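*Asks:* Provided below for reference: sequence and predicted model.
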Amino acid sequence: AHHRSYVPSKSSQHFFNLHQLINTKMKLAIAALLAGSAVAFAPSKVAQTSTALNAFEDELGVISPTGFWDPAGLTTGISDETFSLYRAAELKHGRVAQLAVVGYVVQEVYRWPIEIAPGVPCADIPNGIAAINSIPSLGWWQIFFLIGAVDYWGVLGDFAAGKLDLDEEELFKRQTQELQHGR
């Protein structure tokens, strides 16, 4: 009797190689998942904080569980005066961001009854990103000048009206909340 040995065809050999490749990849993926989950339960080193971070640990805006958070290291080796400037800028930018969100929402239901440029009422400006191309250059100049004047000269000022009379602890809590909302 003549025995014929089995010689797989090219298509079945390709399928076999593909099956082996998938099987190997699955095993590697499972091994990676198991290794990753084992790391989650491994003991970790206690984080060391630098004295620069400890210097600002009790400042306004520090909350648990993160504590004083400065991932970019911007406060490393700076003075208290520089930190105060950074914190004032953070507060100002946070307020601008909050006003931008309010403005974005308000324009959906209300339009100022003024013209952003001669002959262009605010009601004719579309919402969202489409507004960028609809505002004429004179309108952009008005916007940038107003923002620049408020930022440089403090045109809007520091108004006594509307300030709450809070005890020191409550004021600290609310100022921290304001910083958190701006972040």
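*Replies:* Alright, I've got the coordinates. In this text, all values refer to a predicted model and were calculated from it rather than measured experimentally.

*Asks:* could you pull out the strands for this protein?
*Replies:* For the chain, the strands defined by DSSP state E cover 115-117, 120-121.

*Asks:* neighbouring strands for the first one, and are they parallel or not?
*Replies:* Looking at strand 115-117 with DSSP bridges, its partner strands are strand 120-121 (antiparallel).

*Asks:* would you list every one of the helices in this protein?
*Replies:* 10-40, 51-55, 80-106, 130-134, 137-153, 168-182 (DSSP state H).

*Asks:* which residues sit against the fourth one?
*Replies:* Where contact means C-beta atoms under 8 Å, 6 or more residues apart in numbering, the residues beyond helix 130-134 that reach it are 124-126. Where C-beta positions appear, they are placed from N, C-alpha and C, glycine not excepted.

*Asks:* are any of the residues you listed buried, and which?
*Replies:* Ile125 (16 or more other C-beta atoms under 10 Å).

*Asks:* Between the contacts of helix 130-134, which sits nearest Ala149?
*Replies:* Nearest to Ala149 among those, counting by C-beta to C-beta, is Ile125 at 21.9 Å.

*Asks:* and the closest one, what pLDDT?
*Replies:* Ile125 is assigned a predicted lDDT (pLDDT) of 88.

*Asks:* Quick check, it in contact with Ile114.
*Replies:* No. Counting by C-beta atoms under 8 Å, Ile125 does not reach Ile114; the two are 11.2 Å apart.

*Asks:* Who are the contact partners of Glu59?
*Replies:* Glu59 neighbours (C-beta under 8 Å, 6+ apart): 68, 83, 87.

*Asks:* Just want the phi and psi numbers for it.
*Replies:* Phi and psi for Glu59, reported as degrees, to the nearest 10, are phi -80, psi 160.

*Asks:* Quick one: neighbours of the nearest residue to Ala123 once chain neighbours are set aside, just the number.
*Replies:* Leaving aside its sequence neighbours, Ala123 sits nearest to Arg111 (C-beta to C-beta, 6 or more residues apart in numbering; 4.4 Å). A count of nearby residues for Arg111, using other C-beta atoms under 10 Å, gives 14.
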